[in-house]
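Asks: The following block contains a protein sequence and its predicted model.
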Number of protein chains: 2
Amino acid sequence: MSTSSTLLEFVAPIEPDLLAMGETLAQELVTDDPSVAEMVEHLSRFQGKQLRASLLLLVARASGNGSPEMPVVAAVVELIHLATLVHDDVLDGAEIRRRLPSLNTTWDNQIAVLLGDWLYSRAFARSTRLTHPLASQLLATTTQAICVGEIRQALGRHRFDASPAEYERIAMAKTGVLYGAAAELGVCYGRLDQEVLGREMRLMGQELGLAFQIADDLLDIEGEEAVVGKSVGTDIADGKVTLPVLHAWRSADPEGRAAIEAAYLDTDCADRRSALREACDLVKGCEQARARADELIASAQRRLLHLPANEMRLSLERVLEFTLERRS
Amino acid sequence: MSTSSTLLEFVAPIEPDLLAMGETLAQELVTDDPSVAEMVEHLSRFQGKQLRASLLLLVARASGNGSPEMPVVAAVVELIHLATLVHDDVLDGAEIRRRLPSLNTTWDNQIAVLLGDWLYSRAFARSTRLTHPLASQLLATTTQAICVGEIRQALGRHRFDASPAEYERIAMAKTGVLYGAAAELGVCYGRLDQEVLGREMRLMGQELGLAFQIADDLLDIEGEEAVVGKSVGTDIADGKVTLPVLHAWRSADPEGRAAIEAAYLDTDCADRRSALREACDLVKGCEQARARADELIASAQRRLLHLPANEMRLSLERVLEFTLERRS
C-alpha cells in the first residue's frame, strides 16, 4: 500500500470537508490575469498531502466544531503553506547554485517571489472575509513566526555547534507553528468557550509539525530518491545542519567534526551523503533524532485524549503514527 | 529649498498624526529576534517620503475623519509599501546582474525575500487587530493587485510594442492602487456613510500614484544621479519600457526602433541613456509622458474639490503639484 493511499484512508471520515476545501482552494487560485493563471497552473505540482488542512478539519469534526466555514479556513492555511513553498524555491540553495545571470533564470526568481507574495495576499484577503477575525489574526502572526524561523535557518547554515534546542526553536517556527495554528483553529474558530482544548490541540499540532520536520530531515539523509519522490541530500547541499547531523557532530571527535564540515562544504563531491556517513556515526545521530520524534508523537498522542473518543480522533491517532512511518 | 523640506511644509498641518504614525511604525519594526532586529536596522534607509501615509492622514483630516486609529492604518500602509520595496530589491535587475553564486549574495537574496514576507505578515497582523475590518480587507486585496502588476511588469520586459494603456494598467496596479487605497481609507475607515467621497478620493489617489510613477520614469531617463539621490537609467538596464520610451518607440521608424531595442539590450554600453537619446526622439517621448502626468494631476485636483475647503485640502493640492515638479 502506498503512502498516499494510506493517508487517503485516514482522512476518509472528512472527505466531504476536504472536497469543499479543495473547491475553495481552486476558486482562490482562479485569476483573470492570463499570465498569473499560467503560473498558478504550475503550482499544482506543489499540492501535496494537504496535511495541515486535514489536521484542521479532523480536529474540527472530532471536537464538534460544525462551523460551515471550516473548509475555507483550511483552504487559507493551505494557501499560506503554498506561499511558503513557492518562496522556498527562491531560497533553495540548489536552485541558487544552478542559477546563471541569464534573463530566463532571473525571470523564474522574480516570478517565484511575486507569485508567493500574491498567494500570501490572496490568503490574507480570503481570511479577512471570514465571519470571525480569529483566522486572519492567528494566521498573520503565525506567518510572521514562520518568516523569523526561516530567517534563523538561513543565518544558521553551516553552524554545527548549534544546540538541539536551537534546532527545535527553528523547526518549531518554520514548521511547527502552522500545524499548531491549524489544529487550534479547528477547535476555536467560531467558538469562544474552547480555550483549554484549543491550547492542547495547538500544542499537539506543534509537536506533530516538529516531528514531521525531523522525519523530513531523516528522509533527506536516509531516504532513496525514487521512494521519497524528491531530491535527497539537499539539506547538506543547502548547508542545513539538521538534527541527525547535529547529534553526530556533538558525539564526534575533532577529526570527525572536521570531516563532517568538509562533507558539507565539498561542492565537487558527487555523493555527499556517503561522505557524511563515512565522516561520523550518522546512524546513531539518526537514531537520536528518531527517538526525539517518537517522544514528540507520544506526547501529541496523549494530548489527543482531550478530544471525545470518536472516529475522527482515531484518524488523528493514525495521522500521528504515519508521521513516524512515512517513507515519502 | 530642498524637495524634502518642501514636502515637510506640506504635511505640517498633520505633524502630530505623522509623529504618531512614525511611532507605530517603529513599534511594529521591533522584534525580539536579534538577527531580524539587525536587518530591520538596515530598513531605515528605505524610509523615504512616506507620501502614502501623508496622503491618508491629510485626506482623513480634510474629510473630518477623527478616528484615533488613522495613524495606525497609515503605518500599516507604509509597512506594506516597505515590504514591496524589500522584494523589489530581489527583483531588481541590477542586483541580479551583479549577483554571483557566492554564499554572501545568496544570503542577501534569501534575507530580502524573508524579510519582505515578515513585513507583509507584520502589516497584516497589525491590520487584523484594528477595530474595523475595512483596512485589512482593502489592503489585502490591494497587495494582491500590486503583485499582479509586478508580475505583468516582469513579463513585459523589453516589450516595446505594448500600448500606453497597457503601461498604465501595470503602473496603476504596481503604484496607483496603494495610493488609491490610502486615500480611500482616509475617508472611509470607521465610517460607513462616506461611500461617494471615498470613491472620489480613491480615484484621486490612483491618479496621483500613476502620475507619481510617470514622474519616476522621467527621472530615471532625464534626472541627474546626484540630484535624484539614486541610480538613474536602471529602467533601461532592467528592460522596463517606460511611458516616454513607449511613445518614442511608437513614433520611430523601423531603424529607430531597432536602435532603441539595441540600446536596451547592449549590456556593454556604459551610458545607455545617451545611446537611447541618440536612437530616437526621446525628448518628444518625455513631453508626451509629462503631458499625461499633467492630465492625471489636473483630474486629481478636480476630485479634491469634493473635500471641504480647508487647510488640509490646500496641503493635498500642493502635494499634487509637487508630483509634477519633483526632482528626486
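Replies: On my side now, so go ahead.
Asks: Now tell me which helix or strand of chain A has the poorest mean pLDDT.
Replies: The least trusted helix or strand in chain A, going by mean pLDDT, DSSP states H and E, turns out to be helix A:93-98, with a mean of 38.
Asks: helices or strands next to the helix or strand that that one is followed by in the packing?
Replies: Following helix A:93-98 in sequence order, the next helix or strand is helix A:103-128 (DSSP states H and E). Packed against helix A:103-128, as judged by 3 or more C-beta pairs under 8 Å, 6 or more residues apart in numbering or on different chains; DSSP states H and E, are the following elements: helix A:15-28, helix A:34-43, helix A:70-91, helix A:134-155, helix B:70-91, helix B:93-98, helix B:103-128, helix B:134-155. Heads up, the C-betas are built off the backbone N, CA and C, glycines and all.
Asks: For the residue nearest to residue A:225 when sequence neighbours are not counted, grab the count of nearby residues.
Replies: Setting aside the residues directly before and after it, residue A:225 is nearest to residue A:232 in space (C-beta to C-beta, 6 or more residues apart in numbering or on different chains), at 5.1 Å. Residues near residue A:232, counting by other C-beta atoms under 10 Å in any protein chain shown, number 18.
Asks: one step back: reformat the helices and strands packed on helix A:103-128 as TSV; add distance to residue A:193.
Replies: What follows is those, written out as TSV (distance: least, C-beta to C-beta, whole Å):
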stretch	distance to residue A:193
helix A:15-28	22
helix A:34-43	38
helix A:70-91	17
helix A:134-155	13
helix B:70-91	30
helix B:93-98	52
helix B:103-128	22
helix B:134-155	25
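Asks: Of all those helices, which one is nearest residue A:243?
Replies: Smallest distance to residue A:243 across the helices and strands packed on helix A:103-128 (C-beta to C-beta): 12.7 Å, for helix A:134-155.
Asks: who in the stretch 101-250 of chain A is up against chain B?
Replies: Applying C-beta under 8 Å from any C-beta of the partner chain, one finds that the stretch 101-250 of chain A approaches chain B through A:101, A:103, A:106-107, A:109-111, A:113-118, A:120-122, A:124-125, A:127-129, A:133, A:136-137, A:140-141, A:143-144, A:146-148, A:150-152, A:154-155, A:157, A:239.
Asks: Distance from the chain centre to the longest helix along chain A, please.
Replies: Among all segments of chain A classified by DSSP state H, the helix with the greatest residue count is helix A:195-222. Relative to the mean C-alpha coordinate of its chain, helix A:195-222 is positioned 9 Å out (C-alpha atoms, centre = their mean, to the nearest Å).
Asks: so what secondary structure elements neighbour that helix?
Replies: With contacts defined as 3+ C-beta pairs under 8 Å, 6+ apart, the packing partners of helix A:195-222 are helix A:51-62, helix A:164-171, helix A:177-188, helix A:234-238, helix A:243-251, helix A:282-304, helix A:311-325.
Asks: To residue B:181, which of those lies closest?
Replies: Closest approach to residue B:181 among the helices and strands packed on helix A:195-222 is made by helix A:177-188 (27.2 Å; C-beta to C-beta).
Asks: can you give me how far the closest one is from the chain middle?
Replies: Relative to its chain's centre, helix A:177-188 lies at 14 Å (C-alpha atoms, centre = their mean).
Asks: which non-adjacent residue is nearest the single nearest residue of the stretch 201-328 of chain A relative to chain B?
Replies: In the stretch 201-328 of chain A, the residue found nearest to chain B is residue A:239; the distance is 8.0 Å by C-beta to the nearest C-beta. With C-beta to C-beta, 6+ apart as the measure, residue A:157 is the residue that lies nearest to residue A:239, at 3.5 Å, once sequence neighbours are left out.
Asks: correct me, but that neighbour touches residue A:242?
Replies: No - under the criterion of C-beta atoms under 8 Å, residue A:157 lies out of contact with residue A:242, with a separation of 11.5 Å.
Asks: neighbour-wise, which of those two wins?
Replies: When residue A:157 and residue A:242 are compared for neighbours, residue A:242 comes out ahead with 22 against 16, by other C-beta under 10 Å.
Asks: what's the pLDDT at that one?
Replies: Looking at residue A:242, its pLDDT stands at 95.
Asks: returning to that earlier point: closest to residue A:277 out of the helices and strands packed on helix A:103-128?
Replies: Judging those by C-beta to C-beta, what sits closest to residue A:277 is helix A:134-155, at 23.4 Å.
Asks: And that closest one, what does it pack against?
Replies: When contacts are defined as 3+ C-beta pairs under 8 Å, 6+ apart, helix A:134-155 sits against helix A:70-91, helix A:103-128, helix A:164-171, helix A:177-188, helix B:34-43, helix B:103-128.
Asks: List the contacts of residue A:162.
Replies: With contact taken as C-beta atoms under 8 Å, 6 or more residues apart in numbering or on different chains, residue A:162 is in contact with A:156, A:241, A:246.
Asks: And the residues of the stretch 101-250 of chain A next to chain B, which of them are buried?
Replies: Of the members of those, the ones counted as buried by neighbours, 16 or more other C-beta atoms under 10 Å in any protein chain shown, are A:106, A:109-111, A:113-118, A:120-122, A:124-125, A:127-128, A:136-137, A:140-141, A:143-144, A:146-148, A:150-152, A:154-155, A:157, A:239.
Asks: need the contact list for residue A:307.
Replies: Residues in contact with residue A:307 (C-beta under 8 Å, 6+ apart) are A:59, A:62, A:63, A:197, A:201, A:313, A:316.
Asks: farthest pair in those residues?
Replies: Distances among the contacts of residue A:307 were taken as C-beta to C-beta; the most separated pair is A:197 and A:316, at 13.1 Å.
Asks: Those two - which one has more neighbours?
Replies: Here residue A:197 and residue A:316 are set side by side on neighbour count (other C-beta under 10 Å), and the busier one is residue A:316, at 28 against 22.
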